[in-house]
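Visitor: no sequence on this one, just coordinates:
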């Protein structure tokens, strides 16, 4: 039973870029909120000051908006429960930490890094779990006061009680049970005054009225710590749902060592946001049928956490490319025109002279031949500029001693036409072939080389029509001068 108007959050750390796993977590939170008339909150968890990257917050927000995941509350969208950046909430964390200390549910720890290192080494030698030994729990009030008075560095640790069973009712994984004996007396407040993830996470989720915590499987082992904190504070525990890992094809955890993992990388490569979101949604979830093509609004209507798998999901780049092709084919020519003009503006062809009308013809000619809009530029730059070279393998195979004469005759034939259409170019070629008694291919192949520089591509007469009569003749003449057999 889902609570009325659930509240969920995506809480990334601003460490440089948005991992595709982070995009999936954000997406599942967003879909769950929209499906159930809830709120999707963005919270920036920047308490680890050693890992902060300048501009990362702005980049995260920009990337989420690009993907269509607009948050209801967060930086710049105050819902009355902010601030939504943890570094702006330090007094809040101190207040609740002090409360736990007063209730003996947390305690000061003054142990030096050297002592902690020695403790870990000793435990490893004897095969014990590495965890704090509660040494400072037994300090007297006077000892604590004296150390504080002398400004000795300290942290505050949670006082975990032994031999307690901690139950997690996970929406995806079912009942999961931990024994408190395996839970360390985790640090709540660091020596720099900043909270750890564990404390800030729980305090913020409570104060921001989060009803469902949907996050990656890697946080499952931390959940007992969080549940203990909820219990020690006397707060209602939210529902948990831990998402499966994303895996490389070899079933190892998805990492940059085996390919791109940043959403920004896929965006830069030209993947459509609709395709990436569709693909990521299916990494661990299905509606229970064979359907794979979704738009974001359709995902919002279909999504259910109960249909998320426990097993890791393989990130298959070929599948993503196929998804991109499918979404590209569904886009209107006018939508693709906008994307093509954006690509051209940052390419070597930004000074091209083709009108929007001609660019639409380019799109129609190339649409079924590409997975990415930028491939129009990469594979068919001849639409925008005269070829600077000619495929030498094709020259050897397709350019014969008769080619110059045949191309000259073709020029003469189309010079007699005014504003020729595609069929006019085709008729002219057929007429020349009949006159000199050769197959059409004997003219088509050298013509394609002359105007495009390559041996393959869309319909030749489409190319002629897009380039226009004068440009077509100009290119054939240039090729006649440059190509020698």
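Guide: Cool, the structure landed. Remember, it's a predicted structure, so these values are computed and weren't measured experimentally.

Visitor: how about the residue lying farthest from the centre of the chain, what does it touch?
Guide: For the chain, the largest distance from the centre (C-alpha atoms, centre = their mean) belongs to residue 435, which lies 58.3 Å off. Shown in contact with residue 435 (C-beta atoms under 8 Å, 6 or more residues apart in numbering): residue 409. For every residue, glycine as well, the C-beta is placed using N, CA and C.

Visitor: tell me the mean pLDDT over the helix or strand harbouring it?
Guide: Assessed by DSSP states H and E, residue 435 sits inside helix 422-436. Mean pLDDT, helix 422-436: 97.

Visitor: centre of the chain versus that helix, how much separation?
Guide: Relative to the chain's own centre, helix 422-436 is displaced by 50 Å; criterion: C-alpha atoms, centre = their mean, to the nearest Å.

Visitor: ditto for stretch 143-161
Guide: 43 Å.

Visitor: first vs last residue of that stretch, how far apart are they?
Guide: 23 Å (C-alpha to C-alpha, to the nearest Å).

Visitor: swap in stretch 166-182?
Guide: Using C-alpha to C-alpha, the end-to-end distance of stretch 166-182 comes to 11 Å.

Visitor: again, but for stretch 293-307
Guide: 17 Å.

Visitor: again, but for stretch 298-311
Guide: 24 Å.

Visitor: Just the buried residues of it, please?
Guide: Residues of stretch 298-311 classed as buried under the neighbour-count rule (16 or more other C-beta atoms under 10 Å) are 299-300, 302-303, 305, 308.

Visitor: Can you name the residues in contact with that stretch?
Guide: 27-28, 30-32, 34-35, 171-173, 212, 214, 241, 243-244, 277-278, 281, 284-288, 294.

Visitor: Which ones among those lie within helices?
Guide: 27-28, 30-32, 34-35, 277-278, 281 (DSSP state H).

Visitor: I'd like the residues you listed written out as TSV, with distance to residue 182 added.
Guide: Converted to TSV, the ones in helices among the contacts of stretch 298-311 look like this (distance: C-beta to C-beta, whole Å):
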residue	distance to residue 182
27	32
28	28
30	34
31	34
32	30
34	37
35	36
277	38
278	40
281	34
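
Visitor: Dump the residues you listed to JSON lines, plus distance to residue 6, pLDDT and neighbour count.
Guide: Converted to JSON lines, the ones in helices among the contacts of stretch 298-311 look like this (distance: C-beta to C-beta, whole Å; pLDDT from 0 to 100; neighbours: other C-beta atoms under 10 Å):
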{"residue": "27", "distance to residue 6": "16", "pLDDT": "98", "neighbour count": "24"}
{"residue": "28", "distance to residue 6": "13", "pLDDT": "98", "neighbour count": "25"}
{"residue": "30", "distance to residue 6": "12", "pLDDT": "98", "neighbour count": "28"}
{"residue": "31", "distance to residue 6": "12", "pLDDT": "98", "neighbour count": "25"}
{"residue": "32", "distance to residue 6": "7", "pLDDT": "98", "neighbour count": "22"}
{"residue": "34", "distance to residue 6": "11", "pLDDT": "97", "neighbour count": "19"}
{"residue": "35", "distance to residue 6": "10", "pLDDT": "97", "neighbour count": "17"}
{"residue": "277", "distance to residue 6": "21", "pLDDT": "98", "neighbour count": "26"}
{"residue": "278", "distance to residue 6": "24", "pLDDT": "98", "neighbour count": "22"}
{"residue": "281", "distance to residue 6": "19", "pLDDT": "98", "neighbour count": "23"}
